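>>> 3D model of this:
(one chain, ligands or ions: 2)
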Amino acid sequence: MAGIIAPSILSADYTNLERDVKLVESAGAEYLHIDVMDGNFVPSISYGPGWVKQLRPETKMVLDVHLMVMNPEKIVDEFADAGADIIGVHVEATPHIHRALQMIKNKGVKAEVVINPGTPVLAIESVLDMVDQVLVMTVNPGFGGQKFLPSAIEKIAQLKAIREELGYNFDIEIDGGVNNETITAAFEAGANVFVAGSYVYDKVDPAAKITTLKDLTK
Ligand SMILES: O=C(CO)[C@@H](O)[C@H](O)COP(=O)(O)O
Ligand SMILES: [Co+2]
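Ligands and ions are numbered 1, 2, ... in the order given. A predicted model of the protein is given here:
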């Protein structure tokens with residue numbers, strides 16, 4: 001099965017948001033990646049649940065919400081009610097990662113745990129039996145347009161091995177610096193969901209970029 005492509009709306013043109021959403025949907029992107037930033041866990045501030053609620057009826061794509069916020073357990077219910085299909089919470093952002101993931105699952109939403117480049121797989125081993133997706137950050141979170149960090153490849157391979165050994169079921173997503181050159185090593189290591197922001201939306205022809213990424217992950 002081809003990889004799932006998740007364009008990051010962070011790099012879209014906000015004065016033409018509807019156009020940019022429809023463009024990637026008709027090009028075959030299955031997920032739309034939504035970067036929520038609180039100005040605390042990361043320096044930038046982006047969107048809240050009200051924004052996700054408005055977006056929900058505009059697309060059939062899976063809304064893949066990446067919460068870069070401190071203490072996400074305080075806000076996961078609101079994002080679930082807004083129509084998120086997947087909610088990702090950083091292990092570095094809360095002392096209550098198990099509770100945060102349980103709250104997401106209780107809402108009937110897919111639960112994702114996220115690790116930063118400086119965090120080892122060991123830090124999330126005790127919650128791998130309860131997640132639908134693991135997001136391995138391939139840049140430090142907070143900004144689009146950064147360079148892919150190859151140290152993530154080993155973590156992807158570790159997660160794939162744990163999943164096989166223990167019979168777990170999670171998808172492995174990567175996020176940051178994904179393009180036609182960096183995607184292959186991550187795909188070969190075991191990633192199957194690929195966030196791409198600036199590669200898709202900067203410069204020309206987002207639809208062709210999605211086709212390229214899909215072709216590289218067959
Ligand atoms: O979560 C983040 C950044 O914190 C990402 O989702 C970026 O939006 C990806 O952008 P590119 O690195 O693909 O430009
Ligand atoms: Co993201």
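>>> So what sits opposite the residue of the chain at minimum distance from ligand 2 in the bridge?
Residue nearest to ligand 2 within the chain (CB to the ion): residue 66, separated by 3.8 Å. Placement of C-beta: from N, CA and C, glycine included. In this entry, residue 66 is beta-bridged to residue 35, residue 88, by DSSP bridges.
>>> Neighbours of it, how many?
By other CB atoms under 10 Å, 27 other residues sit near residue 66.
>>> Please look at it and residue 88 and confirm they touch.
Yes. Taking contacts as CB atoms under 8 Å, residue 66 lies within contact range of residue 88: 4.7 Å.
>>> contact partners of the longest helix seen in the chain?
Counting by DSSP state H, the longest helix found in the chain is helix 152-166. Residues outside helix 152-166 that contact it (CB atoms under 8 Å, 6 or more residues apart in numbering) are 115, 117, 120-121, 125, 128-129, 134, 136-138, 168-170, 172, 174, 185-186, 189-191.
>>> List the contacts of the nearest residue to residue 145 once chain neighbours are set aside.
Of all residues not flanking residue 145 in the chain, residue 198 sits nearest, at 4.4 Å (CB to CB, 6 or more residues apart in numbering). Residue 198 sits next to 11, 144, 145 when contact means CB under 8 Å, 6+ apart.
>>> Is ligand 1 within reach of stretch 18-31?
No. Shown here: stretch 18-31 not in contact with ligand 1 (CB under 6 Å from any ligand atom), separated by at least 11.3 Å.
>>> Now do the helices in the protein.
Secondary structure of the chain by DSSP H: the helices cover 17-26, 49-55, 76-82, 97-106, 152-166, 183-189, 198-201, 206-216.
>>> could these be laid out in CSV, adding mean pLDDT?
Below are the helices of the chain laid out as CSV (pLDDT from 0 to 100):
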stretch, mean pLDDT
helix 17-26, 96
helix 49-55, 98
helix 76-82, 98
helix 97-106, 98
helix 152-166, 98
helix 183-189, 98
helix 198-201, 98
helix 206-216, 96
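>>> for the ones you listed, which one ends up most surrounded?
Of all these, helix 198-201 has the most neighbours on average by mean count of other CB atoms under 10 Å, namely a mean of 24.
>>> Run the contact check for it versus ligand 1.
Yes. On the criterion CB under 6 Å from any ligand atom, helix 198-201 is in touch with ligand 1 at 198, 199.
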